[in-house]
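[1] Sequence plus the predicted model coming up.
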Amino acid sequence: MDNQREFSVNGIRYIVRPAVNNDAMELSDIRLQIDGESQNLDREKGEAYIDTPGFEKLIHSDTESENNLFLVAVANDKIIGFSRCEGNQLKRFAHKVEFGVCVLKDYWGFGIGTNLLKESIAWADSIGIHKITLNVLETNDKAINLYKKYGFKTEGILINDKILADGEYYNTVVMGRFNG
């Protein structure tokens, strides 16, 4: 994706564009905040922390790799969400990427995750990626329904895959969208 797209949903205007080096510090902060706002992600707040240089390196490598895509959603000059598609350099897996998305809780319900997903799918289709995979917490019905709407199918269930704050085990749904 070489350009940016503008969206207006429920009174909020935002753009979706590729991440750039200057986004690194804000991405480090927002990822930490998002990890503390939801149990739908893999990390507890502060775990697997990525600092500004870490994000700079990630943005650089994603920009250089033709099978990676790092997008940000920006409203009022503030990053409010981001997504990544990460490919694999091994030939046997070069046809697919793994998708992940994060959106600040204050901006849920404005189509940000949906538009990050749609832009990622369009990019993947345009460069000949045949499969997008993702993992989603079994209780995240809204996300599962969104993914199904855009052609993802359940490929499997990872039983008792995560322990959440309540001390209970939860399953992870493995989903994929095949275009080929």
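    The structure has been received and is ready for your questions. Just so we're clear, the structure is a prediction, and the values are computed from it rather than from any experiment.

[2] for the protein, what spans make up the strands?
    Applying DSSP state E to the chain gives strands spanning 5-9, 12-18, 69-75, 78-87, 96-103, 131-137, 153-163, 169-178.

[3] Looking at those strands, which is nearest to residue 145?
    Comparison of those against residue 145 by CB to CB identifies strand 131-137 as nearest, at 10.4 Å. C-betas here are computed from N, CA, C, even on glycine.

[4] quick one: low-confidence parts of the protein?
    With pLDDT under 70 as the threshold, the chain has low-confidence stretches at 1-2.

[5] OK, contacts around residue 160?
    Residue 160 makes contact with 169, 170, 171, according to CB atoms under 8 Å, 6 or more residues apart in numbering.

[6] wait, I meant residue 42
    Residue 42 neighbours (CB under 8 Å, 6+ apart): 135, 162.

[7] what does residue 162 give?
    42, 137, 169, 170, 172.

[8] Now the buried members of the residues you listed.
    Neighbour-count burial (16 or more other CB atoms under 10 Å) is assigned, among the contacts of residue 162, to 137, 170, 172.

[9] Mind telling me which residue is nearest the centre of the protein?
    What sits nearest the mean C-alpha location of the chain, by CA atoms, centre = their mean, is residue 101, with 2.0 Å.
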